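A.B. asks: Sequence and predicted structure, then a few things I'm wondering about:
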Amino acid sequence: MLKYLPTSALTPDQVGHMAHTDVGSLTLLFTSSPGLEVLSRTTSTWIPLTPPSGTVAVNVGDTLRYLSSGVLESCLHRVVPQVSQETGLSTTRYSLAFFHRPELDAEFMDAQGNLWTGEQWHKTKYRIFRASNHEQMQNSLLTGRVGFLGEANTDIDNS
Ligand SMILES: O=C(O)CCC(=O)C(=O)O
Ligand SMILES: [Fe+2]
């Protein structure tokens with residue numbers, strides 16, 4: 001369960017959840033709160049996505065992308081705070097994510113040809129997830145797009 005607390009600090013480096021691809025294979029995301037946005041590969045714009053009530057959003061993560069040799073694309077997404085007209089603060093947001101991931105000893109190759117085990121990939125990418133927003137912005141591992149740093153720039157490499 002993820003809870004995004006209200007904040008008055010709405011500068012771009014303090015978004016609810018930085019632009020990223022999920023680390024595992026498939027993510028099942030349950031939420032009825034607005035704020036989730038997905039980057040369109042065709043227009044390179046952020047598209048708001050609120051799953052209709054009773055439905056679940058299914059994200060392909062990095063490892064399924066690599067295990068399928070890129071046939072399935074990992075989805076780049078972020079969470080943007082929604083500001084309440086009454087308080088001027090962002091609203092509290094809840095979501096429930098169920099992360100599937102490969103076995104720790106599963107092997108796959110990333111888009112640059114580097115070989116990984118599931119465990120290595122998970123530990124490496126999670127270290128970035130836990131880092132400060134500033135450090136996250138220095139590392140395109142978070143976005144799974146070489147040279148693309150999410151909020152920090154918009155040059156997308158489709159590798
Ligand atoms: O809270 C959400 O809607 C998305 C969360 C998310 O993208 C994640 O935890 O990887
Ligand atoms: Fe995510």
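C.D. replies: Thanks, I have the structure now. Ligands and ions are numbered 1, 2, ... in the order given.
A.B. asks: pLDDT at whatever residue of the chain ends up closest to ligand 1, what is it?
C.D. replies: Taking Cβ to the nearest ligand atom, ligand 1 has its nearest neighbour within the chain at Ser95, 3.4 Å off. Glycine gets a C-beta too; all of them are placed from N, C-alpha and C. Listed pLDDT for Ser95 reads 90.
A.B. asks: now it: how far from Thr87?
C.D. replies: For Ser95, the distance to Thr87 (Cβ to Cβ, to the nearest Å) stands at 21 Å.
A.B. asks: More neighbours: the two, which one.
C.D. replies: Each of Ser95 and Thr87 has its neighbours counted (other Cβ atoms under 10 Å); Ser95 has more, 20 against 10.
A.B. asks: and that one, helix, strand or coil?
C.D. replies: strand (DSSP: H, G, I helix; E, B strand; the rest coil).
A.B. asks: That one and Pro34 touch, don't they?
C.D. replies: No. If you go by Cβ atoms under 8 Å, Ser95 and Pro34 don't touch, sitting 10.8 Å apart.
A.B. asks: before we move on, the earlier item: who does the residue of the chain closest to ligand 1 bridge with?
C.D. replies: Per DSSP bridges, the residues bridged to Ser95 are Leu2.
A.B. asks: so what's it up against?
C.D. replies: Shown in contact with Ser95 (Cβ atoms under 8 Å, 6 or more residues apart in numbering): 1-2, 29-31, 33, 36, 79.
A.B. asks: Please go through the residues you listed and note which also touch ligand 1.
C.D. replies: Filtering these for proximity to ligand 1 by Cβ under 6 Å from any ligand atom leaves 2, 29, 31, 36, 79.
A.B. asks: Most neighbours among those residues, please name it.
C.D. replies: Neighbour tally across the ones next to ligand 1 among the contacts of Ser95 (other Cβ under 10 Å): the maximum, 23 neighbours, falls on Leu36.
A.B. asks: tell me the contacts of the closest residue to it other than its chain neighbours?
C.D. replies: Spatial nearest neighbour of Leu36, chain neighbours left out: Leu49 (5.0 Å); criterion: Cβ to Cβ, 6 or more residues apart in numbering. Residues near Leu49 by Cβ under 8 Å, 6+ apart: 36-38, 57, 77.
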